[in-house]
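**Student:** here is my input, please return the structure:
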Amino acid sequence: MLEEVQAKLGEMSRKAPTVISRALNKVAVTARVDLANKAQATYTVKSGGFKKDMTIRKASAGRLEAVIHSQGKPLSITKFHTTAPKKTGAKANIIKGSGLKQLIYGNIKAFKGPNGQIYQRRSTARLPIKKLSSNSIPKMIGNEEKVYGVVKPSIDRNLQHYVEQQIELLTK
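**Tutor:** Numbering: from 1, shown residues only. Modelled structure (predicted):
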């Protein structure tokens, strides 16, 4: 890519790393928004927080790579669409369109605790109980078939577009 940009710039070929780094930074910002929107559209999370959990390490002329880094721990299952009637046990819907699925471990149903969280016993004994969690935000965003794999082609298109845009701004 560097050689292509240098060829297009001609005499100003020394500015090629700057052009590419600016384009990469713009792509990183739009990719973060696209990933967050796609993840929000795919999962039933009530309060997203997808964008704030992703940080961008910007590219520079000396380091031609922009990195979107996401970190976080598994979300409580109550952040998703859940119901917990006493008779039938708790149900949750994590992925949009898949419907409510009953939360059963062996023959033991999940239940709602006094603090609103959903718990499940690990055996027929009264204790221990486990607070149920779902995937973390990085795991949701990195899902190849539902989120990242769908957004990747638009990232590639945006990179070409922003490189052309930066070259146009520089040659005017």
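
**Student:** OK, contacts around the most centrally placed residue in the chain?
**Tutor:** For the chain, the residue sitting closest to the mean C-alpha position, by CA atoms, centre = their mean, is I141 at 2.5 Å. Residues counted as contacts of I141 (CB atoms under 8 Å, 6 or more residues apart in numbering) are L35, A36, A39, F50, M54, S70, V147, Y148. Bear in mind the C-beta positions are built from the backbone N, C-alpha and C, glycine included.

**Student:** where does the chain have its least confident helix or strand?
**Tutor:** Considering only helices and strands, the least confidently modelled element of the chain by mean pLDDT, DSSP states H and E is helix 2-9, at a mean of 76.

**Student:** contacts for it?
**Tutor:** Residues outside helix 2-9 that contact it (CB under 8 Å, 6+ apart): S13, K15, A16, P17, V19, I20, L64, V163, I167, L170, T171.

**Student:** mean confidence for the lengthiest helix in the chain?
**Tutor:** Of all the segments of type helix in the chain, defined by DSSP state H, the longest one is helix 16-42. Helix 16-42 comes out with an average pLDDT of 93.

**Student:** from the contacts of I141, which is closest to K79?
**Tutor:** F50 (11.8 Å; CB to CB).

**Student:** follow-up on the earlier one: mind giving me the packing neighbours of the longest helix of the chain?
**Tutor:** Counting contacts by 3 or more CB pairs under 8 Å, 6 or more residues apart in numbering; DSSP states H and E, helix 16-42 is packed against helix 2-9, strand 54-57, strand 67-70, helix 137-141, helix 149-171.

**Student:** before we move on, the earlier item: got the contacts of helix 2-9 as CSV, with neighbour count and distance to V29 columns?
**Tutor:** Shown next, in CSV, are the contacts of helix 2-9 (neighbours: other CB atoms under 10 Å; distance: CB to CB, whole Å):
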residue, neighbour count, distance to V29
S13, 15, 26
K15, 17, 21
A16, 24, 21
P17, 18, 19
V19, 25, 17
I20, 24, 15
L64, 15, 16
V163, 22, 15
I167, 20, 19
L170, 16, 20
T171, 11, 23
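
**Student:** nearest to I77 among the residues you listed?
**Tutor:** Relative to I77, the closest of those is L64; by CB to CB it sits at 41.2 Å.

**Student:** so that closest one belongs to a helix, correct?
**Tutor:** No - with DSSP: H, G, I helix; E, B strand; the rest coil as the criterion, L64 is coil rather than part of a helix.
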